[in-house]
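Novice: need a 3D model of the sequence below.
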Amino acid sequence: MRQKSLKLNFIMNAILTMSQFIFPLITFPYVSRILLPEGTGKVSFATSVISYFAMFAQLGIPTYGIRACAQVRDDQEKLTRTTQEIFIINFVMTILAYIVFFGGLFTVPRLRQDKMLFLIVSTTLLFNAIGMEWLYKALEQYTYITVRSVIFKFIALIAMFVLIHEKKDYVIYGGISIFAASASNVFNFVYAHKYVGMKPIGEYNFKRHLKPVAVFFAMSCATTVYTNLDTVMLGFMKTDTDVGYYNAAVKIKGILVGVVTSLGTVLLPRASYYVEHGMKEAFLRITNKAITFVFLIATPLMVYFMLFAKEGIFFLSGEAYEGSVLPMQIIMPTLLFIGLSNIMGIQILVPLEKEKVVLYSEIAGAVVDLIINWILIPSMASAGAAIGTLVAEAVVTIWQYVALKDTVSDAYKQVHYIPIILGIALGSLASFWTKTLGWHEFFTLAVSAVIFFAVYGVVLLVAKEPLTIEIFNQVISKVMKKRKTN
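Specialist: Coordinates of the predicted model:
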C-alpha cells in the first residue's frame, strides 16, 4: 500500500484535533445561556458516566489497533484477519458494556430519571465499535478522517442553533453532541470494504490480541484517572467556581496540546511499520525530527501563553475568569512535557512493544498527581491543581526518557537549543509592549502573536536551524511551482 505524506497526515490530524476543540468553543457559549447550568450539567453527567462504559467497551483497542494493523498493512489477508479479530473483540465488549449499562439504567434512580438522555448518549458505544477509527489511522487515511469529521461537526453546529431554544432541549443537545463526535463512524463501517474483506475468514486467533489489549486497557485506565483526577478532586475539595477557573485554563491548554501532539499521532502507524520491517534508520530519523519538532513548536507556545495568559483567558472566557490566569501560567509548561511523552510513548515505546513502560509512567504520574493535589488544593485551589498536573506530566516524561535513554539521547542532543531560546527571548521583548496599549484582548493577542512568532521564526532561519530551513525551503519550492503552473 502506497505510503501517505507525513506532512499531509500531520496537517490533516492537526485540523481534526483543532475541530474537536473549536466546535464546543463556538457552541457552548450559546447553549449554556439557554440550558443554564442544570441542563448542561445533566448532559455533562450523562457523558461522563457513559465514558466509563466506553472505556471498558473499547479496552485498549483505539491505540493497539493502530499498531497491529499498521504492522500488516502490506499483506491484504493478514490485514483483513487482524481487523476482523480486533473488531469482533471490540463488538463483544460493547455488547457486554450495554448489558451492564441497561442493568444500571433500570435499577439506579439517578440514571433512570434521565433515561432518554442516557439512551441517546449511550449510542456512542455502538458508533465507537463500528467506526474502526484505528484501521483508518493505521492505513494513514487522515484526509478522509478529517474531511468526514469536519463535515459532520459543521452540520451539528448548524443544528445547535436551529434546534436548541428552550431549557428542556438538553436532550436534543446531548443527541447533537453525539452526532458531532461519532455519527460519521457509520461511514467508516460502510467504507471499510475498500481496505479489508468483509466476509468472515474464520479460524480466528483472538488469544494473540488479549495480552497487549489488556496492557493498552490498563494504560487507558491510568490515563483517564490522572488526566481527570485534578478536576474531580478540585470539585470535591473546593467550589464549583474553582473548577470553572481551572477548566478555562485547561480548555486553552487542550487546544494547544492538540497542535503539539498531532505529529506523534500520525507517526505511530509509520513507526510501527518501520519497526516491523527492521527499518531502524528510518525509524530513528523520524524520531529525531519529531523530538525537534516538539521543542520548536511547544516551547514558544508555552512561553507566549504564559506572557499573555490574561489576554487569552479574558478573550475566550471573559473577565469573570480572572482566577484562571495563574493556573494557566502554571500549567503551560505541560505543553512541552506532553509533547515529548507523546513522542516517546506513542511513537517509540508502543511500536517497540514496550507499552508497559508507558503504563508504569502513567501510574507514577497518577500517584504524584494525587499526592500533590491532596496537599495543595486545600490552600491553593485551582493553582494547586495546576501544579499537580505540571509535576505529574514532568514525572511521566522523565520516566519515559530514562527508559529510552539509549534510543533518544542522540535525538535530544541534535536539538538546537540556543536558537530556540534566543528566538523566544527576542520575540518576548518585541511583543510584550502590546500589553501596555489598553487594546481589546483580541487585538492585543493578534498583534503580539504576529510579532512574537515572526521574530522567533526569523531568528531560527538566520541561525539556520535544520528543520526550520527544511520546512521553509519546501514552502518556497511549492510557491514557485504554483507560480510556474499559473
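Novice: please pull up the helix or strand immediately following the strand or helix carrying F293.
Specialist: Assigned by DSSP states H and E, F293 falls within helix 280-307. Where DSSP H and E defines the elements, the next helix or strand beyond helix 280-307 is helix 309-317.
Novice: where do the strands sit along the stretch 301-450 of the chain?
Specialist: For the stretch 301-450 of the chain, applying DSSP state E, counting those that start in this stretch gives no strands.
Novice: so where is it shaky, pLDDT-wise?
Specialist: 317-318 (pLDDT under 70).
Novice: switch to 80 and redo it
Specialist: 315-321, 346-348, 350-353, 355, 438 (pLDDT under 80).
Novice: other SSEs contacting the helix holding F293?
Specialist: helix 240-276, helix 325-331, helix 334-342, helix 405-413, helix 417-431, helix 441-462, helix 466-485 (3 or more Cβ pairs under 8 Å, 6 or more residues apart in numbering; DSSP states H and E). No exception for glycine: its C-beta is placed from N, CA and C like everyone else's.
Novice: next, format those helices as CSV and append distance to G202 and mean neighbour count.
Specialist: Formatted as CSV, the helices and strands packed on helix 280-307 follow (distance: least, Cβ to Cβ, whole Å; neighbours: other Cβ atoms under 10 Å):
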stretch, distance to G202, mean neighbour count
helix 240-276, 25, 22
helix 325-331, 51, 24
helix 334-342, 38, 25
helix 405-413, 40, 13
helix 417-431, 55, 17
helix 441-462, 56, 17
helix 466-485, 48, 11
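Novice: can you redo these as TSV with distance to I375?
Specialist: Compiled in TSV, the helices and strands packed on helix 280-307 are given as follows (distance: least, Cβ to Cβ, whole Å):
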stretch	distance to I375
helix 240-276	16
helix 325-331	15
helix 334-342	19
helix 405-413	30
helix 417-431	32
helix 441-462	34
helix 466-485	40
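Novice: how distant is the helix holding F293 from the center of its chain?
Specialist: In terms of Cα atoms, centre = their mean, to the nearest Å, the centre of helix 280-307 is set 16 Å apart from its chain centre.
Novice: one more: stretch 314-331?
Specialist: The answer for stretch 314-331 is 21 Å, by Cα atoms, centre = their mean.
Novice: end-to-end on that stretch?
Specialist: 17 Å (Cα to Cα, to the nearest Å).
Novice: before we move on, what about stretch 176-195?
Specialist: Stretch 176-195 has an end-to-end distance of 30 Å (Cα to Cα).
Novice: list the buried residues in that stretch.
Specialist: Neighbour-count burial for stretch 176-195, counted by 16 or more other Cβ atoms under 10 Å, picks out 176-185, 188, 192, 195.
Novice: could you do stretch 72-91 as well?
Specialist: In stretch 72-91, counting by 16+ other Cβ under 10 Å, buried: 72-73, 79-87, 89-90.
Novice: lowest-confidence member of those, which is it?
Specialist: Lowest pLDDT among these: R73, with 77.
Novice: pretty sure that one sits against K137.
Specialist: No. Counting by Cβ atoms under 8 Å, R73 does not reach K137; the two are 11.0 Å apart.
Novice: check contacts around F87.
Specialist: 129, 132 (Cβ atoms under 8 Å, 6 or more residues apart in numbering).
Novice: can you tell me the helix or strand for it?
Specialist: helix 76-107.
Novice: show the subsequent helix or strand relative to that helix.
Specialist: helix 109-112.
Novice: name the nearest residue to I145, ignoring sequence neighbours.
Specialist: Y136 (5.4 Å; Cβ to Cβ, 6 or more residues apart in numbering).
Novice: can you list the buried residues of stretch 176-195 in JSON lines and add secondary structure and distance to A411?
Specialist: JSON lines is the format used below for the buried residues of stretch 176-195 (DSSP: H, G, I helix; E, B strand; the rest coil; distance: Cβ to Cβ, whole Å):
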{"residue": "I176", "secondary structure": "helix", "distance to A411": "44"}
{"residue": "S177", "secondary structure": "helix", "distance to A411": "40"}
{"residue": "I178", "secondary structure": "helix", "distance to A411": "40"}
{"residue": "F179", "secondary structure": "helix", "distance to A411": "42"}
{"residue": "A180", "secondary structure": "helix", "distance to A411": "38"}
{"residue": "A181", "secondary structure": "helix", "distance to A411": "35"}
{"residue": "S182", "secondary structure": "helix", "distance to A411": "37"}
{"residue": "A183", "secondary structure": "coil", "distance to A411": "40"}
{"residue": "S184", "secondary structure": "coil", "distance to A411": "36"}
{"residue": "N185", "secondary structure": "helix", "distance to A411": "36"}
{"residue": "N188", "secondary structure": "helix", "distance to A411": "34"}
{"residue": "A192", "secondary structure": "helix", "distance to A411": "36"}
{"residue": "Y195", "secondary structure": "coil", "distance to A411": "33"}
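Novice: does T63 really touch M219, like I thought?
Specialist: Yes. Look at T63 against M219 with Cβ under 8 Å: they come within range, at 7.3 Å.
Novice: who has more neighbours, the two?
Specialist: Comparing T63 with M219 by other Cβ atoms under 10 Å, the one with more neighbours is T63, at 26 against 23.
Novice: the closest residue to the more buried one other than its chain neighbours: what's it in contact with?
Specialist: Using Cβ to Cβ, 6+ apart and skipping the chain neighbours, the partner closest in space to T63 is F216 (5.3 Å). F216 makes contact with 59-61, 63-64, 355, according to Cβ under 8 Å, 6+ apart.
Novice: cutoff 6 Å now
Specialist: 60, 63-64 (Cβ atoms under 6 Å, 6 or more residues apart in numbering).
Novice: in a markdown table: the residues you listed, plus pLDDT.
Specialist: Listed next are the contacts of F216 as a markdown table, based on pLDDT from 0 to 100:
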| residue | pLDDT |
| --- | --- |
| G60 | 79 |
| T63 | 78 |
| Y64 | 83 |
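Novice: so which of those sit within helices?
Specialist: 63-64 (DSSP state H).
Novice: follow-up on the earlier one: quick one: buried residues of the helix holding F293?
Specialist: Result for helix 280-307 [16+ other Cβ under 10 Å]: buried residues 283-284, 286-307.
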